[in-house]
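Asks: A structural model of the following input is requested.
(chains A and B)
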2 protein chains.
Amino acid sequence: MEDIATRPIGMFDSGVGGLTVLKALRERMPCEDVVYLGDTARLPYGTKSAQTVSRYAVQCAAELVRRGIKLLVVACNTASAVAIGPLREAYPDIPVIGVVEPGAQAACRATRNKAIAVIATESTIAGGAYQRAIHAMEPEARVLGHPCPLFVPLAEEGWTEGEVTEGVARRYLDPIFRPASGDERPEAPDTLVLGCTHFPLLAPSIRAVVPASTTIVDSAATTARTVFDALERLNLRRPGSGCGMTRYLTTDDVPRFARTGSRFLGTPVTEAQVELVDL
Amino acid sequence: MEDIATRPIGMFDSGVGGLTVLKALRERMPCEDVVYLGDTARLPYGTKSAQTVSRYAVQCAAELVRRGIKLLVVACNTASAVAIGPLREAYPDIPVIGVVEPGAQAACRATRNKAIAVIATESTIAGGAYQRAIHAMEPEARVLGHPCPLFVPLAEEGWTEGEVTEGVARRYLDPIFRPASGDERPEAPDTLVLGCTHFPLLAPSIRAVVPASTTIVDSAATTARTVFDALERLNLRRPGSGCGMTRYLTTDDVPRFARTGSRFLGTPVTEAQVELVDL
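Replies: Predicted structure coming up:
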């Protein structure tokens, strides 16, 4: 009988952003096999309706399930925020882990003044998934959600540091962390959740403009830990040692996926590793 | 017999950017009826392959043709660059006008030193459509194509002026218009084509960073003139006077279309004018 533990982990995102989650996963579980699907033909998910994103997410999952995965990681905040329910309904026998709950959990553990800022795409903030996940664990928490849509193209353009990026970061974050003096405002948050998989690339610029005492929660790292714990609990860790294989699927433009993907993964993605699929 | 001249003009774009073309069209031909389709569920086209964009463009056109249009405007640079051929093949009996040729024509008329810069999305520049269209009219011209992908989300975010936007504009345009002194470089272009329908919104910031003598060609205005000329020539101008009707179709999120659309059109788009369609 086939040992399910030897199967790959499946992951998907609307594009290359989820590769920051894959990178964290690889660091923690180097010997797992992974199939990563980037639905680049239909990105970005962040500006689309919940209904459309759910439909796309189930189509991505179907392609991965067809390839025999043992666990599904939704490496996309927008899809994690709106499609976890529909995905668990469509595939009740496969564990599904999103990026929202691990990030919310880490923020609740980190905060001391119970004020947490969440930055993400427009639809993730509007959907309120982080706000709900944090309140479920910490009902007293004050959660400030703020959309930062320009961070996504800045990360994709590779403008991760420098004057322009810090200028954008300051314009988005100063109202949250450095309100004009004299304002009658509650205490600024002590914890900032990067609620979009693109944002870890901009961490240096974000770090440069928030107060030094702020804890920055990177949901990629916390998600990797959650996946590790789930595999342990379900006895699904891949046996043996050695380096796991990664296979990439994309719905559009293989060379572009390899090029921008390398930036997000931090190591080269070759075109030979990438397969074009039609969902 | 139905008079074809009374039919609406059909226009499509991947989103709301093409509304800058509609705005120019309305100014020149206020009494025409227009059906505008924004394929927001699948935007942006600018990062997708030529094959995918062509398929989407033909699907958009099919929806408009079904509604009985007399002329089709491809109000999207990416689709104009790669899909005009497939569209004319699919609908040989409907005049199809894109935004690339009118913009190229205006640039060739404006330049004195035969050096023209074109800024657009990554795929428009990589596809080389402006370069080809300009060389077809002006074989001696030196064409400098430069992708400016961050301008798109800046326009959508409404950050059309100010320090951040000028910083982005400077980073993109200084290498073209203000090369480091001491460089052995040919003369800077005297003409700049805004080769993306989003860019006219950023014209004040673009104007602020290029030399004052630069002619900026806005392809929205030049396309409206080309449409006017075609309707005259084909005897398809709508008879009578009075205000034409505009109908909007979108493939995702009606409230968002109305909200961001109003910014691009410069006048309010109400949700009642917008219809959700599935292509």
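
Asks: can we go C-alpha only for contacts and neighbour counts from here?
Replies: OK.

Asks: how far away is residue A:17 from chain B?
Replies: Noted for residue A:17: a distance of 15 Å to chain B, by C-alpha to the nearest C-alpha, to the nearest Å.

Asks: so what's that residue up against?
Replies: The contact partners of residue A:17, taken as C-alpha atoms under 8 Å, 6 or more residues apart in numbering or on different chains, are A:75, A:76, A:196, A:197, A:198, A:264.

Asks: okay, it: pLDDT?
Replies: In this model, residue A:17 is scored at 93, pLDDT.

Asks: flag the shaky bits of the stretch 1-150 of chain A, pLDDT-wise.
Replies: Scanning the stretch 1-150 of chain A for pLDDT under 70 picks out the ranges A:1.

Asks: returning to that earlier point: out of the contacts of residue A:17, which are inside helices?
Replies: Taking DSSP state H, the ones among the contacts of residue A:17 that sit in helices are residue A:264.

Asks: top of the contacts of residue A:17 by number of neighbours, please.
Replies: Taking other C-alpha atoms under 10 Å in any protein chain shown as the neighbour criterion, residue A:75 ranks highest of the contacts of residue A:17 with 33 neighbours.

Asks: alpha carbons of the helix or strand hosting residue A:136, as CSV, please.
Replies: Following DSSP states H and E, one finds residue A:136 within helix A:129-137. The C-alpha atoms that make up helix A:129-137 are tabulated as CSV, following Å, rounded to 0.1, in the frame of the first residue of the first chain:
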residue,chain,number,x,y,z
ALA,A,129,-10.7,37.7,8.1
TYR,A,130,-7.7,38.8,10.2
GLN,A,131,-9.9,40.9,12.4
ARG,A,132,-12.2,37.9,13.0
ALA,A,133,-9.4,35.4,13.5
ILE,A,134,-7.7,37.7,16.1
HIS,A,135,-10.9,38.5,17.9
ALA,A,136,-11.7,34.7,18.1
MET,A,137,-8.5,34.3,20.1
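
Asks: whether whichever helix or strand comes after it contacts chain B - can you check?
Replies: Sequence order places strand A:142-147 as the next helix or strand after helix A:129-137, per DSSP H and E. No: contact check for strand A:142-147 against chain B, using C-alpha under 8 Å from any C-alpha of the partner chain: none in range, with a minimum separation of 10.6 Å.

Asks: remind me which helix or strand residue A:89 belongs to.
Replies: Applying DSSP H and E as the criterion places residue A:89 in helix A:77-90.

Asks: ok, residue A:208 next?
Replies: When elements are assigned from DSSP H and E, residue A:208 belongs to helix A:203-209.

Asks: and that helix, what's buried?
Replies: Of the residues in helix A:203-209, those scored as buried under the neighbour-count criterion (16 or more other C-alpha atoms under 10 Å in any protein chain shown) are A:205, A:206, A:207, A:209.

Asks: as TSV, those residues with distance to chain B and pLDDT would be great.
Replies: Rendered in TSV, the data for these read as follows (distance: C-alpha to the nearest C-alpha, whole Å; pLDDT from 0 to 100):
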residue	distance to chain B	pLDDT
A:205	14	96
A:206	15	97
A:207	18	96
A:209	15	96
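
Asks: next, count neighbours for the residue lying closest to residue A:211 once chain neighbours are set aside.
Replies: Of all residues not flanking residue A:211 in the chain, residue A:177 sits nearest, at 7.2 Å (C-alpha to C-alpha, 6 or more residues apart in numbering or on different chains). Neighbour count for residue A:177, taken as other C-alpha under 10 Å: 19.

Asks: show me the contacts for residue A:177.
Replies: A:188, A:189, A:210, A:211.

Asks: most neighbours out of the residues you listed, which is it?
Replies: The most crowded member of the contacts of residue A:177 is residue A:189, carrying 22 neighbours; neighbours defined as other C-alpha under 10 Å.

Asks: and the helices in the stretch 101-250 of chain A?
Replies: Taking DSSP state H, counting those that start in this stretch as the criterion, the stretch 101-250 of chain A carries its helices at A:122-127, A:129-137, A:151-157, A:163-177, A:203-209, A:219-233.

Asks: what helices or strands is the helix holding residue A:136 leaning on?
Replies: For helix A:129-137, the helices and strands in contact under the criterion 3 or more C-alpha pairs under 8 Å, 6 or more residues apart in numbering or on different chains; DSSP states H and E are helix A:77-90, helix A:100-110, strand A:142-147.

Asks: what is the second one packed up against?
Replies: Of the remaining helices and strands, those touching helix A:100-110 by 3+ C-alpha pairs under 8 Å, 6+ apart are helix A:77-90, helix A:129-137, strand A:191-194, strand A:215-218, helix A:219-233.

Asks: so which bits of chain A are right by chain B?
Replies: Within chain A, the positions lying close to chain B (C-alpha under 8 Å from any C-alpha) are A:40-44, A:48-49, A:52, A:149-150, A:153-154, A:157, A:163-164, A:167-168, A:252-253.

Asks: from the residues you listed, which would you call buried?
Replies: When the residues of chain A next to chain B are checked for burial by 16+ other C-alpha under 10 Å, the buried set is A:40-44, A:48-49, A:52, A:149-150, A:153-154, A:164, A:167-168, A:252-253.

Asks: specify which member of the buried residues of helix A:203-209 is nearest to residue A:80.
Replies: For residue A:80, the nearest member of the buried residues of helix A:203-209 is residue A:206. The distance, counting by C-alpha to C-alpha, is 23.2 Å.

Asks: the closest one reaches residue A:166, doesn't it?
Replies: Yes: look at residue A:206 against residue A:166 with C-alpha atoms under 8 Å: they come within range, at 7.2 Å.

Asks: longest helix of chain A?
Replies: Within chain A, and with DSSP H defining each element, the longest helix by residue count is helix A:50-66.

Asks: quick one, that one and helix A:77-90 angle?
Replies: The directions of helix A:50-66 and helix A:77-90 differ by 60 degrees, with axes from the mean of the first three to the mean of the last three C-alpha atoms, to 10 degrees as the criterion.
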